[in-house]
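>>> sequence and computational prediction follow.
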Amino acid sequence: MNRYEINKISDFKWEIVKDDSLGMRVPGIIFADEQLLKHAVDENTIDQVIHVASLPGILKASYAMPDIHYGYGFPIGGVAAMDKDSGVISPGGVGFDISCGVRILRTNLGTGDIRDKLENIMYKMSFSIPKGVGSKGKIKLSASQMSQLFTGGVNWAIRNGYGWDEDKYFMEENGCMEGANPDFVSKRAVDRGCEQVGTLGSGNHFVEIQRVDEIYDEKAASVLGLKKDQITIMIHSGSRGLGHQICSDYLKVMQQASLKYGIKLVDRQLACAPVSSPEGRRYYHAMVCAANYAMVNRHCLAHWVRLVMEEIFKKSAKKLGMELIYDVSHNIAKMEMHDINGTIKEICVHRKGATRAYGPYHKDIPDTYREIGQPVIIPGDMGRYSYMLLGTKEAMAESFGSTCHGAGRLLSRTKAKKNIRGSELKKELFDKKGIVVMAGSMSGLAEEAPEAYKDVSRIVDITQSAGISKKVAKLCPLGVLKG
Amino acid sequence: MYIWDMNNISKKFEQIEHLSDIGIKIYGNSLEQLFENAAEGMFSIMCDLKKINPAVKRNITIEEYNKVSLEGLLVLWLENLLYRFEIEDMLFSRFKIKKFLTEDSRSIIKADIFGEKVDFGKHEIVVAVKAPTYHMLEVRKDKNSRGWTGKVIFDV
């Protein structure tokens, strides 16, 4: 464990003072209240913030969002921006589930429209949405189709009859990140991904039917098409086995590359290569393939959800108003333009368990939302609530346009399983809160119990107090489908 | 506290606490045994090993011609097993390493692995292991015995 000095900048912002003896090239900045900071200190997560601060070419600071918790290599909730010329790119700074993210759909239904049908909807969804460990989907692709998906992103899906053309305008990067090169994706990764498009996976991934419980900003909510008691649908998933394999493949490459470029590593999971090196570029091109795959995956999951709703309500998804509000990733490295000491420069921003949160009038925000800022979707836990936030101008200056990504774990999976029984939890959520839960594994469900997570409302309140995002609405779960 | 018995290692692995993920500490009389036990430990995170009938045999060969550390080789071995699990829809519970070679210029593992097709009626799969990580990764010879110990944290 390192010895370090912490400076209080405000009630919600703390500085880990740059210490050369710890190899720090920049300070650490933690967005947290005193209690969450103490938690991070006790868990040794600050050490991981310090390790990231030692990476070559890191700019301004090694950041941690309020949902910070102990990860492997990078902390979960970490943001690190790297200089394009002198900085590094690290697969560990993105994670195994490349472009894991969240999307939210609105509907024109109210709570009353869904009450009697909820169990039937969840039952039908549990059959029509492939979920769980190693699940294979309804779509089987050849290697050449996979290449088309990697380069075309959501355009590929739309051409093949999945989802709506207008969906792409409400996705980060319009559903297709530039820079995909299938030549840098291994056969193994393609093998793992070719039957998993449109599958949910396991762990904390979910589909939730939600109710808008509270509106904090009426004007912004109306721009997002949200009002109290409206039904929304949230989907959380990522790039499945494809992303896991790409990360594994390049972690191996980066073990060698770190030696080749003389980069000292405190933790081998931080293995990296210069952004501009052949190894760094190859990883980036492969990672973009996984990011496009992840967006297509969520897009196809939304397509299955629309089909179930059409069947239940005997109306088209268009008539049900099932439009995409937004889709955003929280595990990614991106080349972005940011202000570095008064000069706008292209840099490489790693967000590992952190969400892009661009402020109003940024050119990469859909026209509809340009005046209010980028929508940010923060999933909570299955028993309490999730949030819709917006990016802010302050986030651009304070955190490279980034905010939190979720609640953050409070109990380890082992502890959660010891304390909670999945079947009892399912019954309790239904009896006490009327939440219908469908899950592939009862032990898996116990690991995801509300008690295993921090209260996400505290996390989002801190992001608002720190100025890096703004609350718009609170969403409560009515139906939960877990992998 | 765990008591080391160098002649009879009854404990093959144990799960270790990690807030967001799951780790295992592994024991073995030899490197081969350590790797076999690590494989059992990884599959035990996903499913109760007792429920996986080792009825079907598969072969696995790992050949690496770059210099790779023992730790790196352990990660490769576990990754290869995860790949087979996902591609073949098979859970494995018994592992027999037949060839284990580590030299400067090459590393080879050849093994027979035993398991069965996933049957959701029989196998409750708790959580997917996404990958073994390099974080806190460790393979070392125990100073006081002939045995080996190791540590792996998995992303789940």
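Happy to help now that I have it.
>>> how far is stretch A:159-179 from where the chain is centred?
Centroid displacement of stretch A:159-179 relative to its chain, using Cα atoms, centre = their mean, to the nearest Å, is 17 Å.
>>> measure that stretch end to end?
In stretch A:159-179, first residue to last residue: 20 Å (Cα to Cα, to the nearest Å).
>>> go on, stretch A:30-50?
Start-to-end span of stretch A:30-50 (Cα to Cα) is 11 Å.
>>> using the three-state scheme, assign residue A:312.
The three-state label given to residue A:312 by DSSP: H, G, I helix; E, B strand; the rest coil is helix.
>>> residue contacts, the closest residue to chain A within chain B?
Residue of chain B nearest chain A, by Cβ to the nearest Cβ: residue B:135 (3.1 Å). Any C-beta I mention is one placed from the backbone N, CA and C, and that applies to glycine too. By Cβ atoms under 8 Å, 6 or more residues apart in numbering or on different chains, the contact list for residue B:135 reads A:71-73, A:267-269, B:153.
>>> switch the cut-off to 10 Å
Neighbouring residues of residue B:135 by Cβ atoms under 10 Å, 6 or more residues apart in numbering or on different chains: A:48, A:70-74, A:92, A:267-270, B:18, B:21, B:23, B:151-155.
>>> what is the burial count for the residue nearest to it when sequence neighbours are not counted?
Distances taken as Cβ to Cβ, 6 or more residues apart in numbering or on different chains place residue A:72 nearest to residue B:135, at 3.1 Å, with adjacent residues excluded. As a burial measure, residue A:72 scores 26 neighbours (other Cβ atoms under 10 Å in any protein chain shown).
>>> pairing-wise in the sheet, spell out the partners of residue A:72.
residue A:74 (DSSP bridges).
>>> wait, doesn't it sit right on residue A:269?
Yes - counting by Cβ atoms under 10 Å, residue A:269 is a contact partner of residue A:72 at 4.9 Å.
>>> from residue A:186, how far off is residue A:280?
17 Å (Cβ to Cβ, to the nearest Å).
>>> which one's more surrounded, those two?
Set residue A:280 next to residue A:186 and count neighbours by other Cβ under 10 Å: residue A:280 wins out with 25 against 15.
>>> identify the residues contacting the more buried one.
A:82, A:87-90, A:250, A:253-254, A:257, A:261, A:272-274, A:333, A:348.
>>> one more: residue A:252?
A:91, A:271, B:64, B:66, B:68, B:72, B:75-76, B:79, B:134.
>>> closest to residue A:381 among those residues?
Among these, residue A:91 lies closest to residue A:381 (Cβ to Cβ), at 28.3 Å.
>>> any idea how far the closest one lies from residue A:281?
Taken as Cβ to Cβ, the span from residue A:91 to residue A:281 is 13 Å.
>>> joint contacts of those two?
residue A:273.
>>> higher neighbour count, these two?
More neighbours surround residue A:91 than the other of residue A:91 and residue A:281, with 29 against 17 (other Cβ under 10 Å).
>>> in terms of pLDDT, where does the more buried one sit?
With respect to pLDDT, residue A:91 has a value of 97.
>>> quick check, it in contact with residue A:268.
No - applying Cβ under 10 Å as the test, residue A:91 and residue A:268 come out as separate, 11.6 Å apart.
>>> any shared contact partners between the two?
A:73, A:251, A:254.
>>> overlap in contacts, residue A:72 and residue A:269.
Residues touching both residue A:72 and residue A:269 by Cβ under 10 Å, 6+ apart: A:48, A:92, A:95, B:133-137, B:153, B:155.
>>> can you pick the most crowded of the residues you listed?
Neighbour max across those (other Cβ under 10 Å) = residue A:95, 32 neighbours.
>>> what separation do you get for the closest residue to chain B within chain A and residue A:78?
Closest to chain B within chain A is residue A:72: 3.1 Å, counting by Cβ to the nearest Cβ. Noted for residue A:72: a distance of 11 Å to residue A:78, by Cβ to Cβ.
>>> also residue B:149?
The value you get for residue B:149 to residue A:78, if Cβ to Cβ is used, is 30 Å.
>>> also residue A:333?
Using Cβ to Cβ, one gets 12 Å for the distance from residue A:333 to residue A:78.
>>> what's the answer for residue A:382, then?
For residue A:382, the distance to residue A:78 - Cβ to Cβ - is 25 Å.
>>> enumerate the positions of the longest helix seen in chain B that are buried.
Ranked by number of residues, the top helix in chain B under DSSP state H is helix B:70-88. Across helix B:70-88, burial judged by 16 or more other Cβ atoms under 10 Å in any protein chain shown covers B:70-86.
>>> now do stretch A:418-432
For stretch A:418-432, by 16+ other Cβ under 10 Å, it's A:420, A:422, A:425-426, A:428-429.
>>> let me see the mean pLDDT of that stretch.
Mean pLDDT, computed over stretch A:418-432, is 94.
>>> what's in contact with that stretch?
A:119, A:382-383, A:411-412, A:416, A:435-439, A:441-452, A:477, A:480, A:482, B:124, B:126.
>>> just to be sure, residue A:396 is in a helix?
Yes - using three-state DSSP, the assignment for residue A:396 is a helix.
>>> pull the contacting residues for it.
Neighbours of residue A:396 in contact, by Cβ under 10 Å, 6+ apart: A:338-339, A:357-360, A:362, A:402, A:468.
>>> give me the buried subset of those residues.
By neighbour count, with 16+ other Cβ under 10 Å, these hold A:338, A:357-360, A:362, A:402, A:468 as buried.
>>> thinking again about what came up before, in its sheet, what does the very next helix or strand once past the longest helix of chain B sit against?
Next helix or strand after helix B:70-88 toward the C-terminus (DSSP states H and E): strand B:90-102. Strand pairing for strand B:90-102, determined by DSSP bridges: strand B:107-117 (antiparallel).
>>> next secondary structure after the one helix or strand residue A:461 maps to?
Using DSSP H and E, residue A:461 sits in helix A:456-466. Next in sequence after helix A:456-466, counting helices and strands by DSSP H and E, comes strand A:469-482.
>>> could I get that following strand in PDB with only the CA atoms?
This file holds the C-alpha atoms of strand A:469-482, laid out as PDB (Å, rounded to 0.1, in the frame of the first residue of the first chain):
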ATOM      1  CA  SER A 469     -23.500  16.000 -14.800                       C
ATOM      2  CA  LYS A 470     -27.000  17.100 -14.200                       C
ATOM      3  CA  LYS A 471     -30.000  15.000 -13.100                       C
ATOM      4  CA  VAL A 472     -33.100  14.800 -15.300                       C
ATOM      5  CA  ALA A 473     -35.100  11.800 -14.200                       C
ATOM      6  CA  LYS A 474     -35.300   8.900 -11.900                       C
ATOM      7  CA  LEU A 475     -36.500   5.500 -13.300                       C
ATOM      8  CA  CYS A 476     -37.800   2.600 -11.100                       C
ATOM      9  CA  PRO A 477     -37.700  -1.000 -12.300                       C
ATOM     10  CA  LEU A 478     -41.000  -2.800 -12.900                       C
ATOM     11  CA  GLY A 479     -39.700  -5.900 -14.700                       C
ATOM     12  CA  VAL A 480     -36.100  -7.100 -14.700                       C
ATOM     13  CA  LEU A 481     -34.500  -9.700 -17.000                       C
ATOM     14  CA  LYS A 482     -31.100 -10.900 -15.900                       C
END
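>>> pLDDT value on the closest residue to residue A:187 other than its chain neighbours, please?
Among residues not flanking residue A:187 along the chain, residue A:143 sits closest, at 7.6 Å (Cβ to Cβ, 6+ apart). In this model, residue A:143 is scored at 97, pLDDT.
>>> how much space between residue A:143 and residue A:194?
Here the criterion is Cβ to Cβ. By it, residue A:143 lies 7 Å from residue A:194.
>>> where's residue A:120, which helix or strand?
helix A:118-128.
>>> pLDDT of that helix, averaged?
Averaging pLDDT along helix A:118-128 yields 96.
>>> so residue A:264 is in contact with residue A:258, correct?
Yes - counting by Cβ under 10 Å, residue A:264 does reach residue A:258; the two are 8.1 Å apart.
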